[in-house]
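Undergrad: okay, predicted coordinates and the sequence, questions at the end:
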Amino acid sequence: MMSRIFSLLAGMILLTVNSPAQELVKVENFTLEDVTGKKHSLADYKGSKAIVVMFIATQCPVSNDYNERMATIEKDYRGKGITFLGVNSNKQESVEEIREHAAKHGFAFPVLKDHKNVIADRFKASFTPEVYVLSGSFDILYHGRIDDSQRLAKVTVKDLRVTLDEILAGKPVTTPRTKAFGCTIKRVS
């Protein structure tokens, strides 16, 4: 009898340990300041067909390899009802550094500073770059990478573009989750 109870408990523990973490499916409204001090709330963009929240960095070489791609994708979808927001959650990257970086790389989208990584924690974001595509009601439609290779010449799947095209066509997102890669977000302890 004791061995049966022990086996049952061991099985429950293994099931708990091996279960995947609860995936975030909806985001709460938040407000952050951009690099000019202007406040942006997620609710400001609820009329969008989709809201792309991109966790980015100034000092991460992987994120920097995506600077031109991020600027181009935003430009290509800007007039189609898609909103882009960059979020910098790295503790060591100052607002001034982020402002200069955004200007240098031609970011036309707001780049918001997430002091103390509160929003990164809420999203459970880990990397730069890491992307979340939200509906106008803040449901997460896609979470993951921009595409499948840091090196532009090796890209075979343009995940973010495919997702946005599906949303604009009124179709369900066929691949709602991919594995993001890049530098880890440098959090406040």
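TA: Yep, it's here.
Undergrad: ok, the residue positioned nearest the centre of the chain to V95 distance?
TA: With distances taken as Cα atoms, centre = their mean, the residue of the chain nearest its centroid is V131 (2.6 Å). Taking Cβ to Cβ, to the nearest Å as the measure, V131 falls 22 Å from V95. All C-beta spots, glycine's among them, are computed from the backbone N, C-alpha and C.
Undergrad: do Y66 as well
TA: From Y66 across to V95, the span is 21 Å (Cβ to Cβ).
Undergrad: give me the more crowded residue out of the two.
TA: The neighbour comparison of Y66 against V95 (other Cβ atoms under 10 Å) goes to Y66, with 24 against 16.
Undergrad: the more buried one contacts I146, correct?
TA: Yes. Y66 is in contact with I146 according to Cβ atoms under 8 Å; the separation is 5.7 Å.
Undergrad: residues shared between the contacts of the two?
TA: P129 (Cβ atoms under 8 Å, 6 or more residues apart in numbering).
Undergrad: where does pLDDT dip in this protein?
TA: Residue ranges of the chain with pLDDT under 70: 1-23.
Undergrad: all the strands of it, residue numbers only.
TA: Taking DSSP state E to define them, one finds strands in the chain at 31-34, 39-41, 50-55, 82-88, 111-113, 127-128, 130-134, 140-144, 183-184.
Undergrad: mind listing residues that contact the third one?
TA: Read it as strand 50-55. So strand 50-55 is contacted by 27, 42, 45, 70, 74, 77, 81-89, 120, 123, 125, 127-136, 138, 141, 146, 160, 164, 167, 185 (Cβ under 8 Å, 6+ apart).
Undergrad: quick one: strands adjacent to that strand?
TA: Strand pairing for strand 50-55, using DSSP bridges, gives strand 82-88 (parallel), strand 130-134 (antiparallel).
Undergrad: report how many residues lie close to T184.
TA: 12.
Undergrad: over to the one 5 residues further on?
TA: As a burial measure, the neighbour count of S189 was computed by other Cβ under 10 Å and equals 3.
Undergrad: do A102 as well
TA: 23.
Undergrad: and the contacts of stretch 31-46?
TA: Here stretch 31-46 makes contact (Cβ under 8 Å, 6+ apart) with 27, 29-30, 51, 83, 85, 87, 95, 98-99, 102, 110-114, 119, 134, 136-138.
Undergrad: which of those residues are buried? Put it as a PyMOL command.
TA: Typed into PyMOL, the next command selects the buried ones out of those (criterion: 16 or more other Cβ atoms under 10 Å):
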select buried, resi 27+30+51+83+85+87+95+98+99+102+110+111+112+113+114+119+134+136+138
